[in-house]
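1. sequence first, predicted model second:
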Amino acid sequence: MKKILQFCIVVFLCFITVSFSTFAVFAERRVALGDVNNDAFTTSYDALSILRYSVGLEDFTPEQIKIADVDEDGIVSASDALAVLRWSIFGVDGIGDKVTHPSLPKSLL
(Lines give C-alpha, C1' and ligand atoms only; values in the text may rest on other atoms or scores of the structure.)
Protein backbone atom coordinates (compact mmCIF):
# COMPACT_ATOMS: atom_id res chain seq x y z
CA MET A 1 0.00 0.00 0.00
CA LYS A 2 2.84 2.37 0.85
CA LYS A 3 4.49 1.82 -2.57
CA ILE A 4 1.20 2.52 -4.37
CA LEU A 5 0.78 5.75 -2.43
CA GLN A 6 4.36 6.78 -3.21
CA PHE A 7 3.81 6.00 -6.90
CA CYS A 8 0.61 8.11 -6.95
CA ILE A 9 2.40 11.03 -5.33
CA VAL A 10 5.25 10.84 -7.87
CA VAL A 11 2.80 10.71 -10.78
CA PHE A 12 0.87 13.67 -9.34
CA LEU A 13 4.06 15.73 -8.90
CA CYS A 14 5.17 14.93 -12.45
CA PHE A 15 1.77 16.01 -13.77
CA ILE A 16 1.95 19.31 -11.90
CA THR A 17 5.51 19.94 -13.11
CA VAL A 18 4.54 19.33 -16.74
CA SER A 19 1.42 21.48 -16.40
CA PHE A 20 3.35 24.44 -14.99
CA SER A 21 6.09 24.06 -17.60
CA THR A 22 3.52 24.10 -20.39
CA PHE A 23 1.83 27.15 -18.88
CA ALA A 24 5.16 28.97 -18.66
CA VAL A 25 5.91 28.26 -22.33
CA PHE A 26 2.56 29.64 -23.46
CA ALA A 27 2.85 32.62 -21.10
CA GLU A 28 6.15 33.63 -22.73
CA ARG A 29 4.84 33.45 -26.31
CA ARG A 30 6.75 35.77 -28.55
CA VAL A 31 4.63 38.43 -30.21
CA ALA A 32 5.21 39.02 -33.93
CA LEU A 33 6.11 42.49 -35.12
CA GLY A 34 2.95 44.32 -36.11
CA ASP A 35 0.59 42.15 -34.01
CA VAL A 36 -0.49 45.04 -31.78
CA ASN A 37 -3.68 43.36 -30.56
CA ASN A 38 -1.65 40.26 -29.56
CA ASP A 39 -3.98 37.70 -31.15
CA ALA A 40 -1.12 35.69 -32.76
CA PHE A 41 -1.96 36.96 -36.27
CA THR A 42 -0.77 40.08 -38.05
CA THR A 43 -3.86 41.32 -39.88
CA SER A 44 -5.27 44.40 -41.56
CA TYR A 45 -6.91 45.21 -38.21
CA ASP A 46 -3.42 45.59 -36.73
CA ALA A 47 -2.47 47.85 -39.65
CA LEU A 48 -5.54 49.99 -39.01
CA SER A 49 -4.72 50.24 -35.30
CA ILE A 50 -1.15 51.30 -36.11
CA LEU A 51 -2.42 53.92 -38.56
CA ARG A 52 -4.91 55.23 -35.98
CA TYR A 53 -2.09 55.43 -33.39
CA SER A 54 0.17 57.27 -35.84
CA VAL A 55 -2.42 60.03 -36.30
CA GLY A 56 -3.32 60.23 -32.60
CA LEU A 57 -6.70 58.47 -32.68
CA GLU A 58 -5.64 55.50 -30.56
CA ASP A 59 -3.42 54.97 -27.51
CA PHE A 60 -0.86 52.17 -27.28
CA THR A 61 1.01 50.70 -24.35
CA PRO A 62 4.81 50.91 -24.47
CA GLU A 63 4.89 47.24 -25.53
CA GLN A 64 2.43 47.89 -28.37
CA ILE A 65 4.55 50.83 -29.54
CA LYS A 66 7.59 48.57 -29.75
CA ILE A 67 5.58 45.93 -31.68
CA ALA A 68 4.05 48.54 -34.00
CA ASP A 69 7.41 50.00 -35.03
CA VAL A 70 8.04 47.31 -37.66
CA ASP A 71 10.76 49.20 -39.52
CA GLU A 72 12.47 49.83 -36.15
CA ASP A 73 13.22 53.50 -36.84
CA GLY A 74 11.94 54.59 -33.42
CA ILE A 75 8.74 56.17 -34.80
CA VAL A 76 5.35 54.52 -35.32
CA SER A 77 4.13 55.98 -38.59
CA ALA A 78 1.89 55.32 -41.57
CA SER A 79 4.79 53.47 -43.21
CA ASP A 80 4.67 50.92 -40.38
CA ALA A 81 0.93 50.52 -40.95
CA LEU A 82 1.50 50.08 -44.67
CA ALA A 83 4.16 47.42 -44.07
CA VAL A 84 1.81 45.50 -41.76
CA LEU A 85 -1.00 45.80 -44.30
CA ARG A 86 1.26 44.42 -47.05
CA TRP A 87 2.36 41.56 -44.78
CA SER A 88 -1.22 40.72 -43.90
CA ILE A 89 -2.59 40.83 -47.45
CA PHE A 90 0.22 39.94 -49.81
CA GLY A 91 2.94 38.46 -47.63
CA VAL A 92 5.49 40.87 -49.07
CA ASP A 93 7.39 43.88 -47.84
CA GLY A 94 7.42 47.34 -49.40
CA ILE A 95 9.75 46.38 -52.24
CA GLY A 96 7.74 43.34 -53.30
CA ASP A 97 10.15 40.74 -51.96
CA LYS A 98 8.78 37.90 -49.90
CA VAL A 99 9.54 38.38 -46.22
CA THR A 100 10.13 36.02 -43.38
CA HIS A 101 7.48 37.03 -40.95
CA PRO A 102 6.55 34.87 -37.93
CA SER A 103 2.80 35.12 -38.47
CA LEU A 104 2.73 34.45 -42.21
CA PRO A 105 1.60 31.03 -43.43
CA LYS A 106 4.47 29.00 -44.89
CA SER A 107 2.68 29.01 -48.27
CA LEU A 108 3.35 32.76 -48.58
CA LEU A 109 7.04 32.58 -47.73
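-> Sure, I can see it.
2. what are the ranges of the helices in this structure?
-> For the chain, the helices defined by DSSP state H cover 2-27, 44-54, 62-68, 78-89.
3. quick one: mean pLDDT for the last one?
-> Within the predicted structure, the mean pLDDT of helix 78-89 is 90.
4. buried sites along it?
-> 80-88 (16 or more other Cβ atoms under 10 Å). Quick note: C-beta positions are derived from backbone N, CA and C, even for glycine.
5. now the third one
-> Along helix 62-68, these residues count as buried under the neighbour rule (16+ other Cβ under 10 Å): 64-65, 67-68.
6. for Ala83, see how far away Asp73 is.
-> For Asp73, the distance to Ala83 equals 11 Å [Cβ to Cβ, to the nearest Å].
7. repeat for Leu33
-> With Cβ to Cβ as the criterion, Leu33 and Ala83 are 9 Å apart.
8. likewise Pro62?
-> Distance from Pro62 to Ala83, by Cβ to Cβ: 20 Å.
9. tell me which of the buried residues of helix 78-89 is nearest to Tyr45?
-> Ser88 (8.4 Å; Cβ to Cβ).
10. the closest one and Asp46 touch, don't they?
-> Yes. Counting by Cβ atoms under 8 Å, Ser88 does reach Asp46; the two are 7.0 Å apart.
11. between the two, which contacts overlap?
-> Gly34 (Cβ atoms under 8 Å, 6 or more residues apart in numbering).
12. farthest-separated two in the buried residues of helix 62-68?
-> Ile65 and Ile67 (7.4 Å).
13. Asn38: which of the buried residues of helix 78-89 is nearest?
-> Val84 (13.7 Å).
14. domain ranges for the protein?
-> 1-30, 31-100 (automatic domain parsing).
15. and stretch 31-46, which residues are buried?
-> Per 16+ other Cβ under 10 Å, stretch 31-46 contains these buried residues: 31-36, 42-43, 46.
16. just send the residues you listed back as JSON lines, with distance to Gly56 and pLDDT too.
-> Converted to JSON lines, the buried residues of stretch 31-46 look like this (distance: Cβ to Cβ, whole Å; pLDDT from 0 to 100):
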{"residue": "Val31", "distance to Gly56": "23", "pLDDT": "73"}
{"residue": "Ala32", "distance to Gly56": "25", "pLDDT": "82"}
{"residue": "Leu33", "distance to Gly56": "22", "pLDDT": "85"}
{"residue": "Gly34", "distance to Gly56": "19", "pLDDT": "91"}
{"residue": "Asp35", "distance to Gly56": "21", "pLDDT": "92"}
{"residue": "Val36", "distance to Gly56": "15", "pLDDT": "95"}
{"residue": "Thr42", "distance to Gly56": "22", "pLDDT": "88"}
{"residue": "Thr43", "distance to Gly56": "22", "pLDDT": "90"}
{"residue": "Asp46", "distance to Gly56": "18", "pLDDT": "94"}
